[in-house]
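Asks: Only the shape, not the letters, is given here:
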């Protein structure tokens, strides 16, 4: 068994999910924090495909990590932590919602953006460029059918394997492959179309 001193010297970020879950089972808060930091953002993005209100998604994802900590006795039974987290988030978001909506939080760093800018003109130019590229990406993604887009984002943004996506969504691997083919074909078509302009 590891001593407290040897745990302090460990690099939690280089550990596998299974190793971190074992440490959570042993009540190690740093392990829980590492899993939280590793998956919170992608779980929220995934959750938005089931619930459009970010505050509700964030609360449900946070509940998953509370449940993970409180259910530490059973955590060692989980063989595939990443798909497990996605399935639990999905299930929580599909439960009936019985509480009032909270005010949507500000984007991180939004208030300090202007203070760190070298000039107002440069900030305006940078903002316009960001908005242009975000709009182009959004335009392309908006052309992808909803289910195909969800699977594409899970594969490319959340870096899930096709098998993990099929387990999370309860569909066959072939279905995942078909949706990815649709998404990639749509993206190729949009890129070719945009090159003409």
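Replies: Yep, it's here. No experiment lies behind these values; they were computed from the predicted model shown. Residues are numbered from 1 along each chain as shown.
Asks: pLDDT-wise, which helix or strand of this protein ranks last?
Replies: Within the chain, confidence by mean pLDDT, DSSP states H and E is lowest for helix 4-8 among all helices and strands, at a mean of 50.
Asks: quick one: secondary structure of residue 49?
Replies: coil (DSSP: H, G, I helix; E, B strand; the rest coil).
Asks: Could you break the chain into its assigned domains?
Replies: If you go by automatic domain parsing, the domain ranges for the chain are 4-94, 120-195.
Asks: Dump these to TSV, plus mean neighbour count.
Replies: Just so you know, the C-beta spots here come from the backbone N, C-alpha and C atoms, and that holds for glycine as well. Formatted as TSV, those follow (neighbours: other Cβ atoms under 10 Å):
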stretch	mean neighbour count
domain 4-94	16
domain 120-195	15
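Asks: ok so, going back, and after the least confident helix or strand of the chain, which helix or strand comes next?
Replies: Counting by DSSP states H and E, the element after helix 4-8 in chain order, helix or strand, is helix 17-25.
Asks: outside of that next one, which residues touch it?
Replies: Residues from elsewhere that reach helix 17-25 (Cβ atoms under 8 Å, 6 or more residues apart in numbering): 7, 12, 15, 30-32, 34-35, 38, 68-69, 72-73, 75-76, 78-79, 81-82.
Asks: Which ones among those lie within helices?
Replies: Among the contacts of helix 17-25, the ones falling in helices (DSSP state H) are 7, 30-32, 34-35, 38, 68-69, 81-82.
Asks: and of these, the nearest to residue 152?
Replies: Ranked by distance to residue 152 (Cβ to Cβ), the ones in helices among the contacts of helix 17-25 are led by residue 82 at 17.7 Å.
Asks: Show me the helices in the protein, by range?
Replies: 4-8, 17-25, 29-47, 54-70, 81-94, 120-142, 146-156, 162-169, 173-195.
Asks: Need the phi and psi values for residue 78.
Replies: phi -80, psi 120 (degrees, to the nearest 10).
Asks: How about residue 48?
Replies: Phi and psi for residue 48, reported as degrees, to the nearest 10, are phi -70, psi -10.
Asks: nearest spatial neighbour of it, skipping sequence neighbours?
Replies: residue 57 (5.6 Å; Cβ to Cβ, 6 or more residues apart in numbering).
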